[in-house]
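*Asks:* Quick one, what's the 3D model for this:
(chains A, B, C and D)
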There are 2 protein chains.
Amino acid sequence: MPYPSQVQRADLIDKARELIESEGLDRLTLQSLAAAFGIAAPSLYHHFKNKTALLAAVNAATASALVEAMLAAASQASAEDQADPTSALIHMLHGYRMFAHAHPVTYSMVFANTMSALKPDPKTAEALVLPLQEIMARVVGAAKSLPALRGGWALVHGFVMLELAGQFQRGGDLDNAFETAVRTYMDGLRQPE
Amino acid sequence: MPYPSQVQRADLIDKARELIESEGLDRLTLQSLAAAFGIAAPSLYHHFKNKTALLAAVNAATASALVEAMLAAASQASAEDQADPTSALIHMLHGYRMFAHAHPVTYSMVFANTMSALKPDPKTAEALVLPLQEIMARVVGAAKSLPALRGGWALVHGFVMLELAGQFQRGGDLDNAFETAVRTYMDGLRQPE
DNA sequence: CCGTGAAGGCTAATAGCATTAGTCTTGTGA
DNA sequence: TCACAAGACTAATGCTATTAGCCTTCACGG
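*Replies:* Predicted structure coming up:
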């Protein structure tokens, strides 16, 4: 039946994301992915250099989807909130957290790599932070925006990771705790000191 | 030569931690661990139910070491700083971050697991947070200490993870950024609102 | 003393996985 | 029309975790 391609690279990535999310990363084998398209595992090597490259592509796709989710969340805020940078930022951060909740496994994958080759390339990484930094600049001014952004991003990412890792075991309203933590940090930013 | 044990469970865990940190998690095979003790891979099954159980033990050991590192950092502060809860807390958080820098791979392992069986048991998890919560209670009062702690922990954990994942690529003084972020959050806590 | 059994080692075997090599088929463009 | 590149397949390799079954040593009750 070949050569007419039975499979598109983008579809492979999408299906891989789906399988990772539903079955777990360790259950994604080249076998299982190929089987989902009715082809044999080695055929995947025509589309990806190796499994690592596939996973890197998955991470890049996840990062893009995360950006979209953030922007969508921001644009759904009331006009009033969009005008106020602090409110706009908080809307984006809520969107960020909701994305992580909706895609916990693939979200973790993007950031969980100590060193390895799975990191999204710098361009994707920058696209991820840019919307946040723009708004942060409107909150604290461009000069302080980089460190302020890093702290805020760290807070949100850390909160989400600890949630996903099941470290917040003592219950309580996590939605509220998140809101409070973010606002606390923003309050600190507003301090002169 | 058997039965006198050639190997102690605790030594296996220590060596595994060492190998994971120096070679990477994916390079730790039961082969390689067993070889380091001059025994065969299947013999490890007398000491651990399976590889997952070994890794869970590694995670528990890492969590304990992290607590020790935090407490050591706190006790090395000046008497003055120990008396001031905010300063004491900041010392502990610096100790936390230094530990993560010194043991990046194993540190990530403890928290990077979305769901899997690698989580340290609840007792270990609680021991990890207890010292932080005690001090946090002295900063903001017992009532608010849980959410305040969660935010602070999230900030520190997130910062460290983003550092380790190489997401803070635009350089700058990260030590300083960390200090600033933590202080900003603490400032926010001090606000009445 | 002896013998028995558990602890802890070993080798051999299995099944799953990523990856490579080599073959075959089908459109496309010269 | 016909070569050739793309893309599929099967077969084979090597590394893994894990299981099964065997063998040796010592602690301990009789």
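*Asks:* can you map out the helices along chain A?
*Replies:* Secondary structure of chain A by DSSP state H: the helices cover A:9-23, A:30-35, A:51-75, A:79-83, A:85-102, A:104-111, A:122-140, A:142-164, A:174-190.
*Asks:* Pick out the residue of chain A closest to chain B.
*Replies:* A:Gly158 (2.4 Å; Cβ to the nearest Cβ). In short, each C-beta sits where N, CA and C put it, glycine included.
*Asks:* Near that residue, how many other residues are there?
*Replies:* 25 (other Cβ atoms under 10 Å in any protein chain shown).
*Asks:* Please apply the same query to A:Val129.
*Replies:* By other Cβ under 10 Å, neighbour count at A:Val129 equals 19.
*Asks:* That one reaches A:Trp153, doesn't it?
*Replies:* Yes. Shown here, A:Val129 and A:Trp153 form a contact pair, counting by Cβ atoms under 8 Å, at 7.1 Å.
*Asks:* how about the residues of chain A that lie near DNA strand D?
*Replies:* Contact residues, chain A versus DNA strand D (Cβ under 7 Å from any atom of the strand): A:1-7, A:34, A:38-40, A:42-43, A:46-47.
*Asks:* how about those, which pair is most distant?
*Replies:* Maximum pairwise distance among those (Cβ to Cβ): 18.2 Å, between A:Pro4 and A:Pro42.
*Asks:* So between the two, which is more surrounded?
*Replies:* Between A:Pro4 and A:Pro42, counted using other Cβ under 10 Å, A:Pro42 has the larger neighbour count: 9 against 5.
*Asks:* what's next to the helix or strand bottoming out on mean pLDDT in chain A, contact-wise?
*Replies:* Ranked by mean pLDDT, DSSP states H and E, the helix or strand of chain A with the weakest confidence is helix A:122-140, at a mean of 92. With contact meaning Cβ atoms under 8 Å, 6 or more residues apart in numbering or on different chains, helix A:122-140 is reached by A:60, A:63-64, A:66-67, A:70-71, A:74, A:85-86, A:88-89, A:92, A:119-120, A:145-146, A:148-149, A:152-153, A:186, A:189, B:167, B:169.
*Asks:* Would you list the buried entries among the residues you listed?
*Replies:* Among those, those classed as buried by 16 or more other Cβ atoms under 10 Å in any protein chain shown are A:60, A:63, A:66-67, A:70, A:74, A:85-86, A:88-89, A:92, A:119-120, A:145-146, A:148-149, A:152-153, A:186, A:189, B:167.
*Asks:* Show me the shaky parts of chain A.
*Replies:* Applying pLDDT under 70 to chain A flags residues A:1-3, A:115, A:192-193.
*Asks:* can we see that at 90?
*Replies:* A:1-6, A:112-126, A:166, A:169-172, A:190-193 (pLDDT under 90).
*Asks:* Outline the domain layout of chain A.
*Replies:* Per the record, chain A has its domains at A:1-48, A:58-190, by automatic domain parsing.
*Asks:* Could you look over the ones you listed and pick the most buried one?
*Replies:* Stretch with highest mean neighbour count among the domains of chain A: domain A:58-190 (a mean of 19; mean count of other Cβ atoms under 10 Å in any protein chain shown).
*Asks:* Endpoints of that domain, how far apart?
*Replies:* 38 Å (Cα to Cα, to the nearest Å).
*Asks:* No further queries at this time; thank you.
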